[in-house]
Each structure stands twice: as C-alpha cells, then as structure tokens.
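Q: Curious how this folds, go ahead:
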Amino acid sequence: MEKRVCIIHKVTTLDPRSFYKQARSLSKAGYETIILGLQNRDEVIEGIRVIGFPPSRSRLIRILITNFRVLIMAWRLKATVYHFHDLDFVPWALLLKALTRAKIVYDIHEAHPDYMLLKTYIPSVFRQVLSMAVYLMEHMSSKCFDAIVPNDNFVAADFKHRNIQVIYNFPSVDFFNGRYRPPYEKRAFDLFYHGSLPKYHFETMLGIAEKLNALNVRNTWGLIMDRHSPRNWAEREVKKRGLQRNFVFLPYVDYLQVNKYLNQAKIGIIPLPPFKKFMKNIPIKMFEYMGASLPVVLSDLPPTRQFIEGQDCVIAVEPNNIDAYVKAIAWLLSHPKKSMQMGKVGKRLVFERFNWTQQEDKLLNLYQRLFE
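A: Residues are numbered from 1 along each chain as shown. Below you'll find the predicted structure:
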C-alpha cells in the first residue's frame with residue numbers, strides 16, 4: 001500500500017504540532033507527507049511537500065471557498081490517510097470521506113464548544129447556541145472518522161470513539177537546542193510570554209505589572225504575540241497606563257526561534273482565567289518554559305496540575321488572583337538561586353518525560369494500524 005499522508009491544517013505558518021512534530025515524524029518514518037495550509041507559496045521543507053492556499057481576511061471565504069479548494073486538492077492527491085486539524089473543516093472531511101473512502105483522522109486542539117463561549121466577535125446571546133451546535137457537529141461527525149486525536153486527556157474524556165488516541169502536544173527536544181543563555185542577572189526579561197494573548201490574559205498582566213511597580217520590583221516583560229492577538233490594543237493599553245518601560249513587544253518568529261528569547265528570560269508566566277475551556281486544555285508553553293530551564297508562575301488548574309503536582313519547578317496560584325501572582329513573582333526574582341534550581345527541575349522533567357519522543361511513538365503506532 002502506498003504510504004501517502006495528507007495533513008490539512010489551515011494556518012499561515014509552519015505549525016508546531018502539525019508540521020514540526022507530526023509531519024516530520026511521519027516523513028522520517030517513511031511516509032510520503034504532504035501538508036495543505038494557508039502559506040503563500042508551494043515549497044518542499046525537510047522532504048515534506050507544503051501546498052499553500054492564499055489566506056483570506058474574510059472568515060466566510062475561508063469557511064466556504066478556501067475549504068472547497070482544499071477539499072478538491074486533497075481529493076486529487078489520493079492519499080491513504082487524511083489528517084485534519086481545523087474545526088471548520090469537519091463537514092468537508094465528511095465529504096472527503098465519501099469521495100475517497102480513505103482513512104480520516106481528526107486532530108482536536110481545543111475544547112471547541114467551550115471555546116465558542118469566549119468568541120467576543122459573536123454576540124453573547126448566540127454563543128451558547130453556537131457552542132451546542134459545535135458540540136453536536138463534532139460528536140456526530142467524529143463517529144464517521146477512523147480516528148480522533150485529542151491533544152489533552154480532559155478533551156478526550158468528552159468523546160466516545162472506537163479509535164481515540166491522546167497525543168499530548170509536548171515540545172520536541174530540538175526546540176531547545178543551540179542557544180546561548182546569559183548569566184541570570186544579565187537576562188533581558190524578568191517575565192516572558194509567547195503565543196495567543198487575548199485581552200483577558202493581558203489585562204491580568206497589566207494589573208500584575210502595576211502592583212510590582214508599586215512595590216518597586218523591577219519587571220520587564222518580553223511578549224511574542226501570535227498574529228491573531230490584539231497587539232494594537234495591547235500597545236495602546238500599555239501607553240495609557242504608563243507601562244512602556246515594563247512591556248517589550250517582540251517580533252513574531254518561527255516556532256524553533258522562540259527559544260532564543262526564552263533564554264533571555266527569568267520566569268515564564270501563564271495567567272489563565274478559570275474559564276470552562278481552560279479546565280480542559282493543557283498550555284504547551286508550560287513545558288516549553290520548563291524545558292528552557294525557567295521556573296513557571298501559572299494558574300492552578302486541573303489540566304496542568306496532573307503534571308506538576310509535587311514537582312518543585314512551578315508556583316501555581318489561584319486564577320485571577322493578581323496579589324498571588326505578584327507575591328510569587330517577587331519571591332522568585334528575589335531568590336535567583338532557588339529560581340534557577342526550579343528551572344533545572346523543570347528541564348529534567350521535560351527532557352526525561354514530557355517531550356515529543358513518547359508522543360511520536362503513539363502517533364506512529366496509530367498510523368501503523370491505519371495502514372494495515
């Protein structure tokens with residue numbers, strides 16, 4: 001049987017999960033691997049063929065026209081397995097199954113029904129209805145797919161499927177390679193955050209910075225916001241509150257380049273609120289901070305607690321409790337030796353247990369069964 005895999009993930013950059021982990025692992029294992037995404041050009045990267053579709057700013061065009069074009073290209077590729085990552089591609093994946101009779105894998109990144117409740121561009125009166133509609137669509141459609149691959153065990157618990165494989169989104173070890181780490185006192189950032197940064201996260205950060213300033217605790221924040229985060233709003237808020245000296249907005253970089261900024265930091269921070277969505281999703285950045293030898297200050301929520309409970313590498317605080325965040329950060333900054341020791345514990349845990357190597361084995365075992 002020809003070992004051709006088509007990964008469908010409509011993102012505009014090479015994604016940490018779909019490209020740097022899954023596609024590279026599959027290609028290395030001998031599968032012909034093709035990715036359909038929203039890149040601006042077609043190219044071959046590390047032996048993986050990337051087919052791009054011009055991204056559109058219109059959500060309606062992406063859902064209808066772009067998905068149709070992706071469907072036609074996927075059908076023409078005649079792959080044995082189609083592995084898709086986008087919620088809005090679920091109906092199209094059903095069509096792809098009917099057209100090709102190929103194996104279909106649904107990779108679930110989020111607790112999507114709960115995530116709908118946080119979509120501020122949707123009038124609040126419609127969010128609950130949309131959440132229920134998404135729940136029904138996912139659960140009814142997933143029965144037609146050959147496997148589902150949640151990246152969190154709490155998300156997986158919501159599904160009943162004959163072939164479900166949790167594959168955690170742990171970092172690949174090469175994410176941490178080859179970067180110089182300055183001495184602790186010379187690092188540019190006291191705190192660091194990267195990835196999606198919605199307003200409710202950043203408002204918590206602003207409150208923490210103001211209280212640290214009031215205590216005369218130096219706090220310089222390095223931020224890498226993804227392209228969907230409200231950077232213009234964030235910059236205006238910083239200026240309005242007179243916090244320009246506290247926040248450094250760094251340029252968006254490729255996944256493997258983030259570590260050079262992590263090595264310039266003292267503490268990683270993840271100020272998740274206790275929303276329903278975050279009661280199911282594990283933030284990958286926690287493991288990236290740990291693997292980069294940073295102590296972590298984060299919200300004490302069940303998904304992360306299962307990995308770090310009893311481990312002296314993080315300080316977990318009550319969600320939305322700004323005073324608790326301030327206390328933890330001030331303590332770490334005033335105890336650099338203990339802070340670095342905690343960072344070493346986190347790095348050991350990532351390099352020994354919480355990395356992509358074990359998850360790669362689960363992915364390849366799943367594909368071996370699919371190709372039988």
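
Q: okay, CA-based contacts and neighbour counts for the rest of this
A: Fine.

Q: was I right about V166 contacting F154?
A: No - the criterion here is C-alpha atoms under 8 Å, and V166 misses it with F154 at 9.6 Å.

Q: Span of stretch 216-234 from start to end?
A: End-to-end distance for stretch 216-234: 23 Å, by C-alpha to C-alpha, to the nearest Å.

Q: Flag every buried residue along it.
A: 217-226, 231, 234 (16 or more other C-alpha atoms under 10 Å).

Q: What are the boundaries of the helices in the stretch 201-350 of the chain?
A: 231-240, 258-262, 284-291, 302-308, 322-334, 336-352 (DSSP state H, counting those that start in this stretch).

Q: Highest mean neighbour count out of those?
A: For those, the largest average neighbour count (mean count of other C-alpha atoms under 10 Å) is found in helix 284-291, namely a mean of 24.

Q: so that one versus helix 336-352, what angle?
A: Interaxial angle, helix 284-291 versus helix 336-352 (axes from the mean of the first three to the mean of the last three C-alpha atoms, to 10 degrees): 110 degrees.

Q: Other residues contacting helix 284-291?
A: 169-171, 176, 194, 262, 268, 270, 295-296, 313, 343, 345-351, 354 (C-alpha atoms under 8 Å, 6 or more residues apart in numbering).

Q: redo that, cut-off 6 Å
A: Outside helix 284-291, the residues that touch it by C-alpha atoms under 6 Å, 6 or more residues apart in numbering are 268, 346-347, 350.

Q: how much distance is there from that helix to the middle of the chain?
A: Remark: helix 284-291 is offset 11 Å from the chain centroid, using C-alpha atoms, centre = their mean, to the nearest Å.

Q: Show the contacting residues for L36.
A: So L36 contacts 8, 51 (C-alpha under 6 Å, 6+ apart).

Q: for it, helix, strand, or coil?
A: When classified by DSSP: H, G, I helix; E, B strand; the rest coil, L36 comes out as strand.

Q: same deal with the one 4 residues further on?
A: Under the three-state scheme (three-state DSSP), the conformation of N40 reads as coil.

Q: ok, back up a step: as TSV, the buried residues of stretch 216-234 with pLDDT and distance to P54 would be great.
A: As requested, those are arranged in TSV below (pLDDT from 0 to 100; distance: C-alpha to C-alpha, whole Å):
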residue	pLDDT	distance to P54
V217	97	46
R218	96	44
N219	98	40
T220	98	37
W221	98	34
G222	98	31
L223	97	28
I224	96	24
M225	92	22
D226	87	19
R231	91	23
A234	95	28
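
Q: so of these, which ones are in strands?
A: If you go by DSSP state E, those have 221-225 in strands.

Q: Name whatever forms a beta bridge with R4.
A: Per DSSP bridges, the residues bridged to R4 are E32.

Q: Domain ranges for the chain, per the record?
A: Listed by automatic domain parsing, the domain ranges of the chain are 4-170+355-370, 174-352.

Q: Give me the distance between the two termini of the first one.
A: Translated: domain 4-170+355-370. Domain 4-170+355-370 end-to-end distance (C-alpha to C-alpha) = 12 Å.

Q: again, but for the last one
A: Domain 174-352 has its terminal residues 14 Å apart, counting by C-alpha to C-alpha.

Q: F84 is in contact with K103, correct?
A: No - shown here, K103 and F84 do not form a contact pair, counting by C-alpha atoms under 6 Å, at 11.0 Å.

Q: So if I had to pick from the two, which one is more boxed in?
A: Of the pair K103 and F84, F84 is the one with more neighbours under other C-alpha atoms under 10 Å, namely 24 against 19.
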